[in-house]
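> sequence and predicted structure below; questions after.
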Amino acid sequence: MTILVTGSAGFIGYHVSQGLLQRGEKVVGIDNLNPYYDVNLKNARLEQLKKQKNFEFQQIDIADKAGMATFCQKYPDIDRIVHLAAQAGVRYSLSNPQAYAESNVVGYLNVLEACRVLPIRHCVYASSSSVYGSNQKLPFSVSDPVEQPISLYAATKRSCELMSYTYSHLFNIPITGLRFFTVYGPWGRPDMSAFIFTNAIFKDEEISIFNHGNMRRNFTYIDDIVQGTIACLDRAPVPATEPEGSLVVPHRLYNIGNSRAENLMDFVQTLERVIGKKAKIRFESLQPGDVKETIADIVDSTRDFNFQPKTNIEEGLKQFVSWYRSYYAV
């Protein structure tokens with residue numbers, strides 16, 4: 001059988017695809033290769049995947065209903081889906097909201113429709129820690145209320161969670177949502193902090209530190225994200241029936257984040273130490289849509305599929321900077 005990975009040319013999609021291929025799975029990847037960031041980087045990731053004999057790629061936009069229907073007809077043996085395609089980025093949603101509605105809502109609806117057509121045993125999809133908004137309770141738990149998103153990106157990710165629950169309820173499809181917390185590592189996205197800071201330090205450019213550095217994040221290394229995602233994929237929610245006869249919906253939500261939150265300035269100082277060069281810093285106010293602090297409660301994911309992030313920030317940034325030096329020849 002075959003696993004579909006949407007967004008396979010993206011940062012997390014590339015690494016999850018590699019992880020699945022390395023354990024002998026057959027993977028079909030789809031991606032629309034949009035120009036939100038450097039398409040050359042996306043194509044370079046794809047070239048790595050195409051070296052694997054069990055990988056196939058189709059350039060498809062998940063928001064294209066007809067294209068997705070044709071794809072499902074071409075690959076009727078897909079039995080699991082890892083849905084990672086999305087329009088990412090909090091700040092970009094302020095200037096291009098339509099892209100988020102098309103990719104994250106309409107696109108995911110088409111993926112859910114694919115779950116109805118294909119013999120899906122489990123669909124795992126990417127949600128985000130951004131759904132917690134400006135929640136003051138820490139750490140963030142999946143049982144916390146998440147009805148006050150402070151960015152359109154967060155609102156679309158919460159919409160995905162609600163749509164997933166509905167499809168799981170109506171059609172008895174096992175679906176699991178993973179709320180990722182600040183992922184970083186080799187082949188990372190150029191719009192994320194590790195990449196932005198590293199790029200600026202090497203080029204002697206200023207970096208903007210928002211909220212005057214008074215921020216904390218669960219920076220989570222990509223290998224830990226891959227381990228958690230694949231372990232979750234292997235543990236589909238089992239439909240169950242309560243004693244009174246009502247069906248328990250086979251939909252679950254989990255946090256996937258590091259077990260330790262890092263101060264933003266500690267993150268920058270570690271990066272300076274790894275690179276061997278000081279950053280030029282400009283302190284700024286908190287930006288619209290940003291949150292001051294994210295800390296993940298991972299008790300449920302550790303209990304249910306043994307998610308145990310192991311990579312500390314020093315080792316993770318060493319790996320990222322090593323990749324950056326190699327890829328950009330600096």
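That came through fine. Quick caveat: nothing in here was measured; it's all calculated off a predicted structure.

> beta partners for Gln59?
Beta-bridge partners for Gln59, by DSSP bridges, are Asp31.

> now do the same for it: its pLDDT.
The score at Gln59 is 98. That number is its pLDDT.

> tell me, how many residues neighbour it?
Residues lying near Gln59 (other Cβ atoms under 10 Å) number 12. (Each C-beta comes from the backbone N, C-alpha and C, glycine too.)

> any buried residues in the longest helix anywhere in the chain, and which?
In the chain, taking DSSP state H as the definition, the longest helix is helix 152-171. Neighbour-count burial for helix 152-171 flags 152-161, 163-165, 167-168 (criterion: 16 or more other Cβ atoms under 10 Å).

> what's the distance between Asp300 and Ser164?
Per Cβ to Cβ, to the nearest Å, Asp300 is found 16 Å from Ser164.

> oh sorry, the question was meant for Ile201
39 Å.

> so how far is Ser95 from Cys115?
Counting by Cβ to Cβ, the gap from Cys115 to Ser95 is 32 Å.

> count of neighbours near the residue nearest to Met215 when sequence neighbours are not counted?
Of all residues not flanking Met215 in the chain, Leu264 sits nearest, at 4.3 Å (Cβ to Cβ, 6 or more residues apart in numbering). Using other Cβ under 10 Å, Leu264 has 21 neighbouring residues.

> I'd guessed Leu264 sits against Asn218; true?
No. Counting by Cβ atoms under 8 Å, Leu264 sits too far from Asn218 to count as a contact (11.9 Å).

> where along the stretch 151-300 of the chain do the helices fall?
With DSSP state H, counting those that start in this stretch, the ranges of helices along the stretch 151-300 of the chain come out as 152-171, 193-202, 222-233, 264-275, 299-305.

> dump those to JSON lines, plus distance to Glu284 and mean pLDDT.
Shown next, in JSON lines, are the helices of the stretch 151-300 of the chain (distance: least, Cβ to Cβ, whole Å; pLDDT from 0 to 100):
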{"stretch": "helix 152-171", "distance to Glu284": "20", "mean pLDDT": "96"}
{"stretch": "helix 193-202", "distance to Glu284": "13", "mean pLDDT": "96"}
{"stretch": "helix 222-233", "distance to Glu284": "27", "mean pLDDT": "98"}
{"stretch": "helix 264-275", "distance to Glu284": "12", "mean pLDDT": "95"}
{"stretch": "helix 299-305", "distance to Glu284": "34", "mean pLDDT": "96"}
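
> and His15, which of those is closest to it?
Evaluated over those, closeness to His15 peaks at helix 222-233, with 5.1 Å, by Cβ to Cβ.

> any residues touching that closest one, and which ones?
With Cβ atoms under 8 Å, 6 or more residues apart in numbering as the test, helix 222-233 has contacts from 3, 11-12, 15-16, 18-20, 23, 80, 82, 122, 124, 176, 178, 180, 183-188, 254, 256, 258, 301, 304-311.

> pLDDT value on Leu21, please?
Model confidence at Leu21, given as pLDDT, is 98.

> the residue nearest to Ala200 when sequence neighbours are not counted bridge partners, please.
Spatial nearest neighbour of Ala200, chain neighbours left out: Ile207 (4.5 Å); criterion: Cβ to Cβ, 6+ apart. With DSSP bridges applied, Ile207 shows beta-bridge pairing to Ile281.

> look up how far Leu317 lies from Ile207.
Distance, Ile207 to Leu317, by Cβ to Cβ: 14 Å.

> of the two, give the one with the bigger neighbour count.
Leu317 (25 against 17).

> what helices and strands are in contact with the one helix or strand Phe320 maps to?
Secondary structure from DSSP states H and E places Phe320 in helix 313-328. Packed against helix 313-328 by the contact rule (3 or more Cβ pairs under 8 Å, 6 or more residues apart in numbering; DSSP states H and E) you find strand 183-184, helix 193-202, strand 220-221, helix 264-275.

> mind checking the ones you listed for the one nearest to Gly89?
Proximity to Gly89 (Cβ to Cβ) singles out helix 193-202 among these, at 11.8 Å.

> helix 264-275 and that closest one, what's the angle between them?
Orientation check (axes from the mean of the first three to the mean of the last three Cα atoms, to 10 degrees): helix 193-202 against helix 264-275 gives 50 degrees.

> give me the contacts around helix 193-202.
182, 184-185, 188-190, 205-207, 217, 219, 264, 267-268, 271-272, 275, 277-280, 317, 320-321, 324, 328, 330.

> which positions in it come out as buried?
Within helix 193-202, the residues scored as buried using 16+ other Cβ under 10 Å are 193-198, 200-201.

> now stretch 92-103
Using 16+ other Cβ under 10 Å as the test for burial, stretch 92-103 gives 92-93, 99-103.

> what do you get for stretch 211-224?
Neighbour-count burial for stretch 211-224 [16+ other Cβ under 10 Å]: 211, 215-224.

> biggest separation within those, which pair?
Pairwise distances across the buried residues of stretch 211-224 peak at 28.8 Å for Asn211 and Asp223 (criterion: Cβ to Cβ).
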